[in-house]
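> here's my sequence, what's the structure:
(one chain, ligands or ions: 1)
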Amino acid sequence: MNTALKVARTDADERRAYYERIKPLHLTPLWESLHALVPREPQTPCVPAIWHYDEIRPLLMESADLITAEEAVRRVLVLENPAIPGRSSITQSIYAGLQLIMPGEVAPSHRHVQSALRFIVDGKGAYTTVGGERTTMHPGDFIITPSWAWHDHGNEGIEGVTEPVVWLDGLDIPMLRFFDAGFAENDDSKVQHVARPEGHSLARFGHNMVPVRHDHASSTSPIFNYPYARSREALAQLQKQEAPDAWLGHKLRYINPLTGGSPMPTIATQLQLLPAGFAGQSHRATDGTVYSVVEGRGTARIGNERFAFGPRDTFVVPSWAPLALEATDECVLFSFSDRPVQQAMGILRERFD
Ligand code: GTQ
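Numbers count the residues shown, from 1 in each chain. Below is the predicted model of the structure:
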């Protein structure tokens, strides 16, 4: 055998033996994993995926025969990234699920450190009560539950209509798990006492005005329902008034009116309109992003894969995966990600190719 090769083999054996000896002391050699720990660019285990609502809806309705909202506490089908099953995560940092509440049901009051968003997907007439104020849900409404705020959900119907209501939950559950910083507790009563009239938060903070003695900013928005009718109207006006961005179409982010930052400290949310026939250019960002389709049909090209989407579908774009959006008819997409956390850390990267 050639001497150099023999030496290399001996080295490898010696190293392996050495690793075995340090293992009981809970030590590992960095030089074996450095390239994976500090990759040249993001190496996410997550994959792109789509959940077609037409396929899921019958299964979700079936769950109502298996368990009540009250027994379940929250009757939700979790959307798991196919590449990381068992972790209740759609990206490494974000949890997503479809929650169902049937007419007459109650999801009991509790609170937790995790922040939540609800994006209403199907049906109207359910409500959520957050910190003593109730809001009625309509499709496309973006509703938040701030960290540590009491919240219960119910479905009493509206205008004589009672129907199942489904919304997309987005929470920072994986981030809280990462930090081992989660606390939660149940309320003494199932349903919160309603202390303020419906629409109170929006009246106080939703008109580019702020009550003069209550304008101290906190990290979570004082608005907790951003109604679809208003956000949709903004996009409709923009579409008439300006050309769409070549990558994003017409895209607006929701803000905390007191800071201009994201409505929640851990999750950013956006709504975008793609004109019919729009063929967007490819772009990528380090924040893996969840999309919920409100209106229209189109295609999301994510890396080398193409996903045809329609109303109420949910899809996920992993960190740093190139995304190009195409609209067959006029599309409206809601999206959310961990962007504010990455921005706070100074690590967010985006590329518009
Ligand atoms: O509605 O409070 O999808 O606590 C997961 C955890 C919803 C909620 C979820 C939760 C909730």
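
> can we go C-alpha only for contacts and neighbour counts from here?
Noted.

> now the phi/psi pair for the nearest residue to residue 196 once chain neighbours are set aside, please.
Nearest residue to residue 196, sequence neighbours excluded (Cα to Cα, 6 or more residues apart in numbering): residue 133, at 5.3 Å. Backbone dihedrals for residue 133, given as degrees, to the nearest 10, come out at phi -120, psi 130.

> same check on residue 55?
Dihedral pair for residue 55: phi -80, psi -40, per degrees, to the nearest 10.

> and what of residue 200?
phi -60, psi -50.

> tell me who's in contact with it.
Shown in contact with residue 200 (Cα atoms under 8 Å, 6 or more residues apart in numbering): residue 133.

> give me every residue in the protein lying close to the ligand.
Proximity of the chain to the ligand, by Cα under 6 Å from any ligand atom, involves residues 74, 76, 97, 169.

> three-state assignment of the spatially closest residue to the first one that is not a sequence neighbour?
Closest residue to residue 74 in three dimensions, ignoring its sequence neighbours and counting by Cα to Cα, 6+ apart: residue 107, at 6.0 Å. Applying DSSP: H, G, I helix; E, B strand; the rest coil to residue 107 yields a three-state assignment of strand.

> can you count the residues close to the nearest residue to residue 312 once chain neighbours are set aside?
Spatial nearest neighbour of residue 312, excluding adjacent residues (Cα to Cα, 6+ apart): residue 293 at 5.1 Å. With neighbours defined by other Cα atoms under 10 Å, the count for residue 293 comes to 24.

> what's across from residue 293 in the sheet?
residue 333 (DSSP bridges).

> i'd like the first residue to be 348 from this point on
Got it, first residue is 348 now, which makes that one residue 640.

> show me what secondary structure element comes after the helix ranked longest in the chain.
When the chain is parsed with DSSP state H, its longest helix is helix 350-369. Following helix 350-369 in sequence order, the next helix or strand is helix 381-384 (DSSP states H and E).

> from the chain's centre, how far out does that following helix sit?
Centroid separation between helix 381-384 and its chain, computed with Cα atoms, centre = their mean, to the nearest Å, is 28 Å.

> helix or strand right after that helix?
Sequence-wise, the next helix or strand downstream of helix 381-384 (DSSP H and E) is strand 396-398.

> buried stuff in that following strand?
Residues of strand 396-398 classed as buried: 396-397 (neighbour count, 16 or more other Cα atoms under 10 Å).

> got a list of contacts for that strand?
So strand 396-398 is contacted by 426, 428-429, 654, 660-664 (Cα under 8 Å, 6+ apart).

> now residue 376. Nearest residue, chain neighbours left out?
residue 366 (7.2 Å).

> ok, the one you found touching residue 379?
No. Applying Cα atoms under 8 Å, one finds residue 366 not in contact with residue 379, separated by 10.3 Å.
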